[in-house]
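Asker: below are the sequence and a predicted model; questions follow.
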Amino acid sequence: MKRQLFVLIAGVAVTLPCVCFAANEEIQVYLDDLSQPGQFGVDVHNNFVISGDSTLPYPGGLAPLHQYRLTPEFYYGLTKTVELGAYLLTTKTSDGQTHFEGEKVRIKYIAPHDSDNGLFWGANLEVGRTNLYASPQAWNAELKGIAGYRSGRWTFAINPNVDWSLSKGGGPVTLDVDGKVAYKVTEKTQIGLETYNELGPLRHLQGLNQNSKTLYLALDHDFGQYDLNAGIGRGLTSDADNWVLKFIIGTHF
């Protein structure tokens, strides 16, 4: 029944009607979660721009307003510290058109640590090939730093992300910094805040009132075999989407 419920939720997400750049395909602060060696998993990333810009971010791009993204992520535990993953990017626009945007692969490392208390750290390298719907450059990469700390019921985490294009003439290397503060209400439920902040070119970082910056009220809940991360985000700058709804459903098998 649980597996059927998961498939049903994912199927409903695909068929949901839709009423600068839209929200990323993956709105998530990376923590220290890692699949066990030989274990497969899947996360279904969903986000919907409730209120945002109705103009095209660039010729051939898609307007953010009422854009819905569905991104299945498949991953596999290679060792006790290394996980491999792959994404399939899809988008549904406000006029009901569905677009396949491309694919990405990643490799994540998490250093050995105490999973209940203290410091954790790692890194995630991602490379993707997408079409014009997703990005003006076909090939792009991201190196994500992962650092966090647990103390009692509190979890703190930060992800400095360096992004660059692998395509010729792809533009400058840029920096994003994402963060999360969560409080464990029960053994299976956490509430907290997540923040996603684009800071501009790495060699010339821009002001806090520039680029996209969004703050989310987030909920994490463990259903046993399944886990949920959901949130509603408010854009803090003129370059950000005004309101975004996101949820991620994951399981291992």
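Answerer: That came through, no problem.

Asker: going by C-alpha atoms from here, please, whenever you check contacts or count neighbours.
Answerer: Noted.

Asker: name the nearest residue to residue 145, sequence neighbours excluded.
Answerer: Using Cα to Cα, 6 or more residues apart in numbering and skipping the chain neighbours, the partner closest in space to residue 145 is residue 123 (4.6 Å).

Asker: sheet partners, orientation included, of the one helix or strand the one you found maps to?
Answerer: Element membership for residue 123, per DSSP states H and E: strand 118-130. Within its sheet, strand 118-130 is paired with strand 98-110 (antiparallel), strand 139-151 (antiparallel), according to DSSP bridges.

Asker: identify each buried residue in the last one, please.
Answerer: By that I understand strand 139-151. If you call a residue buried by 16 or more other Cα atoms under 10 Å, then strand 139-151 has these buried ones: 139, 140, 141, 142, 143, 144, 145, 146, 147, 148, 149, 150.

Asker: bridging residues for the residue nearest to residue 145?
Answerer: residue 109, residue 145.

Asker: ok so, going back, reformat the buried residues of strand 139-151 as CSV; add pLDDT and distance to residue 90.
Answerer: CSV is the format used below for the buried residues of strand 139-151 (pLDDT from 0 to 100; distance: Cα to Cα, whole Å):
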residue, pLDDT, distance to residue 90
139, 96, 17
140, 96, 17
141, 97, 18
142, 97, 19
143, 98, 22
144, 98, 22
145, 98, 26
146, 98, 26
147, 98, 29
148, 98, 31
149, 98, 34
150, 98, 34
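
Asker: and which of the residues you listed is nearest residue 34?
Answerer: Relative to residue 34, the closest of the buried residues of strand 139-151 is residue 146; by Cα to Cα it sits at 12.4 Å.

Asker: each with direction, which strands does the strand or helix carrying residue 230 pair with?
Answerer: Assessed by DSSP H and E, residue 230 sits inside strand 226-235. Based on DSSP bridges, the pairing partners of strand 226-235 within the sheet are strand 213-222 (antiparallel), strand 243-252 (antiparallel).

Asker: nearest to residue 74, out of those strands?
Answerer: Across those, closest to residue 74 is strand 243-252 (Cα to Cα), at 9.7 Å.

Asker: so for the closest one, what gets flagged as buried?
Answerer: Quick answer for strand 243-252 (16+ other Cα under 10 Å): 243, 244, 245, 246, 247, 248, 249, 250, 251, 252.

Asker: just how off-centre is stretch 136-149 within its chain?
Answerer: For stretch 136-149, the distance from its own C-alpha centre to the chain's C-alpha centre is 10 Å (Cα atoms, centre = their mean, to the nearest Å).

Asker: and which of the buried residues of strand 243-252 is nearest residue 128?
Answerer: Checking the buried residues of strand 243-252 one by one against residue 128 (Cα to Cα), the nearest turns out to be residue 248, at 20.3 Å.

Asker: OK, contacts around residue 76?
Answerer: Residues counted as contacts of residue 76 (Cα atoms under 8 Å, 6 or more residues apart in numbering) are 35, 37, 38, 39, 40, 41, 83, 84, 85.

Asker: quick one: secondary structure of it?
Answerer: With DSSP: H, G, I helix; E, B strand; the rest coil as the basis, residue 76 sits in strand.
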